[in-house]
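**Student:** Fold the stuff below for me.
(one chain, ligands or ions: 1)
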Amino acid sequence: MESFGARLHRAVAERGPLCVGIDPHPGLLARWGLSDDVQGLDSFTRTVVDALGDRVAVVKPQSAFFERFGSRGVEILESTIRQLRDAGSLVLLDVKRGDIGSTVSAYASAYLDPSSPLYVDAVTASPYLGVGSLAPMFESAATHGGGVFVLALTSNPEGAAVQRAVAADGRTVAQTVIDEISQLNRGAEPLGSFGLVVGATIGDTGHDLSAVNGPLLAPGLGAQGGTAADLRTVFGSSLPSVLPSYSREVLGAGPDVAALRAAAERVLADCRRVLTSP
Ligand SMILES: O=c1ccn([C@@H]2O[C@H](COP(=O)(O)O)[C@@H](O)[C@H]2O)c(=O)[nH]1
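**Tutor:** Predicted structure coming up:
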């Protein structure tokens, strides 16, 4: 089984370093002329898949916007995952799960076991019950070629009070998360399967990402105010591992398929300029 890190490395080489989120906000549905119900959700997601599924390396459905419609929304999420996979993009489900280990096992079955209807290439996870509690997800990902992106330094301003608190050994909480994920990726080639989420909005925080050897998902670009130029400040010498992530900035160009593609191409070009220049 090829690892997620290897699959992501290839997808980025072929399609470029970009993740586009599917976040069907009620306001976006309205701007696209769609109803705020499951029909509107279905039409929105089909258009995004049609526009971007065959050209963007990673697509990141935001589970909350599907769950808010209950079981019929989750059904559309399942179908969206299948459509994205058929179109050839990697699917990262932004679901930010975390719990005690025995419950994390069930989340691992739900998202990282190929027999599940919600099986995806990778998920986001919250480490705030302890990174070790996520072990069942890490094990399942390793077994089935999946990936896990663990929250480290999130893009929202409220995150800093928790994530930058200093632990007993003098490291910040975020640095302990970064260090534990780095251990999981040691020796992996061409790239580890365990990623971190580090917001593009956080500035230079002095955290050491140099040993991560895994993907660094960077949300917060566009609608939250982060710019491609900010990536240099936040990531420094770790820029080659960054996977920039945009949702509303790209989705706002819809529903026209050509306009969605043009928006994705524009942000990819912006990011490439920063990620590839010395
Ligand atoms: O630190 C984080 C972690 C996750 N997110 C998620 O990314 C998208 C951002 O959407 P935009 O429209 O590009 O602002 C959204 O799904 C968040 O839940 C994040 O923003 N920051």
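**Student:** List the contacts of the closest residue to the ligand within the stretch 1-150 of the chain.
**Tutor:** Distances between the stretch 1-150 of the chain and the ligand by C-beta to the nearest ligand atom are smallest at Q62, namely 3.8 Å. Just so you know, the C-beta spots here come from the backbone N, C-alpha and C atoms, and that holds for glycine as well. For Q62, the contacting residues are 21-23, 94, 247, by C-beta atoms under 8 Å, 6 or more residues apart in numbering.
**Student:** again, 6 Å this time
**Tutor:** Contact analysis of Q62 by C-beta atoms under 6 Å, 6 or more residues apart in numbering lists 21, 23, 94.
**Student:** and the helix or strand containing G5, average pLDDT?
**Tutor:** Following DSSP states H and E, one finds G5 within helix 4-15. Across helix 4-15, pLDDT averages out at 98.
**Student:** Sort out which residues of that helix are buried, please.
**Tutor:** 4-9, 11-12, 15 (16 or more other C-beta atoms under 10 Å).
**Student:** Spatially nearest residue to S89, not counting backbone neighbours?
**Tutor:** Nearest non-adjacent residue to S89, counting by C-beta to C-beta, 6 or more residues apart in numbering: V59, 4.7 Å away.
**Student:** can you check E78 too?
**Tutor:** Counting by C-beta to C-beta, 6+ apart, the nearest residue to E78 once its immediate chain neighbours are dropped is P117, at 4.8 Å.
**Student:** quick one, phi/psi of the one you found?
**Tutor:** The phi and psi values for P117, taken as degrees, to the nearest 10, are phi -70, psi -20.
**Student:** same question, L118
**Tutor:** The phi/psi pair for L118 (degrees, to the nearest 10) reads phi -100, psi 20.
**Student:** Pull the number of nearby residues for it.
**Tutor:** When neighbours are counted by other C-beta atoms under 10 Å, L118 registers 18.
**Student:** is it true that it touches L112?
**Tutor:** No - between L118 and L112 no contact is recorded; they are 9.5 Å apart, counting by C-beta atoms under 6 Å.
**Student:** Of the contacts of Q62 - the most surrounded one?
**Tutor:** The residue in the contacts of Q62 with the most neighbours, by other C-beta under 10 Å, is D94 (24 neighbours).
**Student:** quick check, that residue in a strand?
**Tutor:** Yes - if the criterion is DSSP: H, G, I helix; E, B strand; the rest coil, then D94 is within a strand.
**Student:** in stretch 31-49, what's buried?
**Tutor:** Neighbour-count burial for stretch 31-49 flags 32, 34, 36, 38, 40-45, 47-49 (criterion: 16+ other C-beta under 10 Å).
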